[in-house]
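# just need the structure, nothing else, for what follows:
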Amino acid sequence: MEAAGLCGTDYEQFDGHFTGTKLGQLPMILGHEILGWIERVGHDAAERWGVREGDRVIVETSIPCGDCPACRTGRAIFCDADMGYGIRIGYDRPPHLWGGYASHLYLHPKTRMHKVPDHIPTGAMSLFNPLS
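Down below sits the predicted model:
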């Protein structure tokens, strides 16, 4: 992990605003505006994502199933699988590293990520989510 933006949603989760909802599955590693480097990647995953070890990437919050009506129409945020980094998956679900405020992040096989340039400062890159 290089950085994870601090969003109003993170604050509301920490404050208990979402307790009892799918966004409040505690305990949870928060952080869904994720920027980091690929530390290790297997051959198949490297081909799938077009990345290699050492690449700097941003990770999209929602993890799409790819099959439901929302995913088929490009609206993964409404995916029936309801998976997302730092927002919908509790810490109790193996492999436990589902949020950007951890030192490392597990990349689910259906994760969507994008390579980003190394020369853009961390502070500017941490705004990719609200700016997009």
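
# now what about the least confident helix or strand in the chain by mean pLDDT, what contacts it?
Using mean pLDDT, DSSP states H and E, the weakest-scoring helix or strand in the chain turns out to be helix 128-131, at a mean of 75. Contact with helix 128-131 is made by 5, 7, 32-33, 35, 58, 61, 116, as judged by C-beta atoms under 8 Å, 6 or more residues apart in numbering. Every C-beta, even on glycine, is put in place using the N, C-alpha and C of the backbone.

# pLDDT check: weakest of those residues?
Across the contacts of helix 128-131, the bottom pLDDT score, 82, is held by residue 7.

# that one and residue 14 touch, don't they?
No: between residue 7 and residue 14 there is no contact under C-beta atoms under 8 Å: 10.8 Å.

# looking at the two, which is more packed in?
Set side by side, residue 7 and residue 14 show more neighbours around residue 7, with 18 against 13, by other C-beta atoms under 10 Å.

# check contacts around the closest residue in space to that one that isn't next to it in sequence.
Leaving out its chain neighbours, the residue that sits closest to residue 7 by C-beta to C-beta, 6 or more residues apart in numbering is residue 33, at 5.9 Å. Residue 33 makes contact with 4-7, 61, 100, 126, 128-130 under the criterion C-beta under 8 Å, 6+ apart.
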